[in-house]
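Peer 1: Could you work out the structure for the sequence below:
(2 chains)
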Amino acid sequence: MTYATRGDAIRGSATRRDRRKSSIVVLILLLFAAVIVAAGVGAVPVPVPDVTSILLKRVPVVNRWISGAAKRNAYETIILRVRLPRILLAIVVGGSLSGAGASLQGLFGNPLADPYIMGISSGAALGATIAISARLPSIVPGLSSVPVAAFVASVATMALVYYLAGVPGKASMDTLLLSGVVVSSFLWAVMSFIMMRSGDSLREIMMWLMGSLSNKGYTHVRMAFPYVVFGISVLTVMARDLNLICLGDDEARYLGINPEHSKMIIMFAASLATAASVSVGGIIGFVGLIVPHIMRIILGPDHRLLLPASVIAGGIFLVVADAIARTVIAPTEIPVGIITALVGAPFFFYVLRRRKVHKG
Amino acid sequence: MRLEAFSISYDYGIIKAVDDVSVSLGSGEFVGILGPNGSGKTTLLRVLSGALKPQGGTVFLDGEDVHKMGPKAVAKKIAVVPQNGYIPFPFSVFEVVMMGREPHMKRFSGESPEDFRIVSNAMEVAGLTHLAQRSVLDLSYGERQRVIVARALAQEPVILLLDEPTSHLDPGYQIEIMDVFKSLAESRNIGVLAVLHDVNLASQYADRLIVLSKGKKVADGPPEEVITKELLENVYGIKAIIGTHPASGCPQVMLVPGGILGDRR
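Peer 2: The predicted model follows:
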């Protein structure tokens, strides 16, 4: 309680703000590293220098300093046409699932919440199942009917869950959760019935449900990107509200925010980002649960840092997981959802244990 | 600055928690709210804070209807220390206290040097400076309670509403924290309204006591007028001895084993 310790308290906060910046920088560098490595591995391995120069050549301004040494060759096609779109999709999907997960964990004040908690995934699953088994024709050029149907169905599910939960803006979180669970199990039942009768397309549906980024292109990235960017931007703006909302409605109000308004905005933004990424990537589990949790353990619960950090880390995690998914038993591809759980669970325990040792 | 509530009524469907209660609180005044469990104290406090909108009556802060002001405007003037400051994630003490600056911050701006100064001052007043970087989850109940108090102080309120602020504290911290509230009332002219369970503590610190029973206000006045044998019998259903504090002269209640009246329930 002396002046010296008071100074320490203030200095502590200043260093925390520096740490905030530096951890984001570190994560971005890790993301670049993950992209370069992931772009290099596969049936045709591409050396890191080649990957780097091919990628940098596509960056305006920077490309002036890249010599023509990087030969125009098959590498370029492989990287830019085959691997890069998939990597970008992994960043978009991983980032949005993780960001949405972090926000919903804050919203419910519960580290067990994940982006699928509101039943959005079940809507997407039903939409995709119908599109696959009925072989719906594509209406968007360059995009099969599956992601479009999944997106429409998940947004409709979102609306239904809200509607059933009651008056807009007044619905309590419990009612909303319950409504999500009930709608979700209803839709899963419908979907299971369709799957049972779908015969040949069963395998394709199963692959979709487990979450996979294979056979996806720039069109998928373009489809999901605007919604994800919108959703994540809104959530980032609401980061301080999230810090207060996790304390409970009354406390949030005592500290000057309207919890009902803020919650509805956060729910909507998180749902939209989730719907968009599930539509293009299927139901990839674990990312939205584990990545924010790990980030909270490492960086603390302040959503102003936690949220952007979770987005970037979610991108890294899925880029790496997808690289493993397509190479580990090549030429067969594993649905990336299996990898996220297989890699995620042990890694999570490692972080948890390490943390305990540090503390003890 | 004056907080005034006129004939407040609030019911949770079947139970009428608060029934036609009027209270007022001026700057620098320390008012205690007493009453048995379930007498509507916490509900009244939540109504006064703007968190609950009453079915009947109005709460005015300097003539302005609290329930029409919007949470941010209210939070600049009224700070609340709730009963169970629940914090689900390991925020640091500093981070939690900084949350008290929220009503004074703009959406897109960060903390100003002024905010840091106010927060470290609030931590000092609550005796938390040495714990600034600790996770609130690692603290004892008493320390956590003081964190919530510091957060309320960081709001720089003119009205402070406290819901059993001493409930998890040992006698030493009870006195310490009550002294803080008392001095805030005196030196910063803050109006303090505290729901208290401890009749003796309330009698020592409050300028005025308001007693609720079954949602109704049954007494409102200085401790020596309010704390009477009849009140303890009628409101709490106990027979007790009322003495006088040897030093301060305020009334003190001494409980008697077996002194429960038959009609308590």
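Peer 1: From here on, just use CA atoms for contacts and neighbour counts.
Peer 2: Fine.
Peer 1: Kindly export the host helix or strand of residue B:22 (C-alpha atoms) in PDB.
Peer 2: Per DSSP states H and E: residue B:22 is located in strand B:15-26. This file holds the C-alpha atoms of strand B:15-26, laid out as PDB (Å, rounded to 0.1, in the frame of the first residue of the first chain):
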ATOM      1  CA  ILE B  15     -45.100 -13.400  -4.000                       C
ATOM      2  CA  LYS B  16     -45.300  -9.700  -3.300                       C
ATOM      3  CA  ALA B  17     -41.600  -9.100  -2.500                       C
ATOM      4  CA  VAL B  18     -41.800  -5.400  -2.000                       C
ATOM      5  CA  ASP B  19     -45.100  -3.700  -1.000                       C
ATOM      6  CA  ASP B  20     -45.600   0.000  -1.200                       C
ATOM      7  CA  VAL B  21     -42.200   1.000   0.200                       C
ATOM      8  CA  SER B  22     -40.800   4.600   0.000                       C
ATOM      9  CA  VAL B  23     -37.200   5.400   0.800                       C
ATOM     10  CA  SER B  24     -35.000   8.300   0.400                       C
ATOM     11  CA  LEU B  25     -31.200   8.800   0.500                       C
ATOM     12  CA  GLY B  26     -29.300  12.100   0.500                       C
END
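Peer 1: For chain A, what is the nearest residue in chain B?
Peer 2: residue B:72 (3.8 Å; Cα to the nearest Cα).
Peer 1: Could you look up the SS state of that residue?
Peer 2: helix (DSSP: H, G, I helix; E, B strand; the rest coil).
Peer 1: do the same with the one 3 residues further on
Peer 2: Here residue B:75 takes the helix state, with states given by three-state DSSP.
Peer 1: out of everything not next to it in sequence, what's closest to it?
Peer 2: residue A:256 (4.8 Å; Cα to Cα, 6 or more residues apart in numbering or on different chains).
Peer 1: Same question for residue A:276.
Peer 2: Residue A:276 sits nearest to residue A:224 (Cα to Cα, 6+ apart), 5.0 Å away.
Peer 1: give me the element that neighbour is part of.
Peer 2: Going by DSSP H and E, residue A:224 is part of helix A:218-237.
Peer 1: if we can go back for a sec, the residue of chain B closest to chain A: neighbour count?
Peer 2: Number of residues near residue B:72 (other Cα atoms under 10 Å in any protein chain shown) recorded here: 19.
Peer 1: That one: what's it in contact with?
Peer 2: A:253, A:255-258, B:103 (Cα atoms under 8 Å, 6 or more residues apart in numbering or on different chains).
Peer 1: which residues touch the residue lying closest to it once chain neighbours are set aside?
Peer 2: By the measure of Cα to Cα, 6+ apart, the closest residue to residue B:72 outside its immediate chain neighbours is residue A:256, 3.8 Å from it. Contact analysis of residue A:256 by Cα under 8 Å, 6+ apart lists B:71-76, B:102-103.
Peer 1: redo that, cut-off 6 Å
Peer 2: Shown in contact with residue A:256 (Cα atoms under 6 Å, 6 or more residues apart in numbering or on different chains): B:71-72, B:75, B:103.
Peer 1: Would you reformat those as JSON lines and include pLDDT?
Peer 2: What follows is these, written out as JSON lines (pLDDT from 0 to 100):
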{"residue": "B:71", "pLDDT": "90"}
{"residue": "B:72", "pLDDT": "92"}
{"residue": "B:75", "pLDDT": "94"}
{"residue": "B:103", "pLDDT": "92"}
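Peer 1: Look up the residues forming beta bridges with residue B:213.
Peer 2: residue B:216 (DSSP bridges).
Peer 1: That one against residue B:40, yeah?
Peer 2: No: with contact defined as Cα atoms under 6 Å, residue B:213 and residue B:40 do not form a contacting pair (7.6 Å).
Peer 1: in the sheet, who's paired with the residue nearest to residue B:62 when sequence neighbours are not counted?
Peer 2: Distances taken as Cα to Cα, 6+ apart put residue B:2 closest to residue B:62, at 5.1 Å, once the chain neighbours are dropped. Assessed by DSSP bridges, residue B:2 has beta-bridge partners residue B:26.
Peer 1: Spell out which helix or strand contains the residue nearest to the spatial centre of chain B, please.
Peer 2: By Cα atoms, centre = their mean, the mean C-alpha position of chain B lies nearest to residue B:162, the distance being 1.5 Å. Taking DSSP H and E as the criterion, residue B:162 maps to strand B:159-163.
Peer 1: and the following helix or strand past that strand, what does it pack onto?
Peer 2: Next helix or strand after strand B:159-163 toward the C-terminus (DSSP H and E): helix B:171-187. Helices and strands touching helix B:171-187, by 3 or more Cα pairs under 6 Å, 6 or more residues apart in numbering or on different chains; DSSP states H and E: there are none.
Peer 1: mind listing what's buried in helix B:171-187?
Peer 2: Residues B:174, B:176-178, B:181-182, B:184-185 are the ones in helix B:171-187 that count as buried (16 or more other Cα atoms under 10 Å in any protein chain shown).
Peer 1: try stretch A:259-268
Peer 2: Buried, per 16+ other Cα under 10 Å, within stretch A:259-268: A:259-260, A:262-268.
Peer 1: of all those, which two lie farthest apart?
Peer 2: For these, the maximum inter-member distance is 14.0 Å, found between A:259 and A:268 (Cα to Cα).
Peer 1: The nearest residue to residue A:84 once chain neighbours are set aside: neighbouring residues, count only.
Peer 2: Sequence neighbours aside, residue A:39 is the residue nearest to residue A:84 in space, at 6.6 Å (criterion: Cα to Cα, 6+ apart). If you count neighbours by other Cα under 10 Å, residue A:39 ends up with 26.
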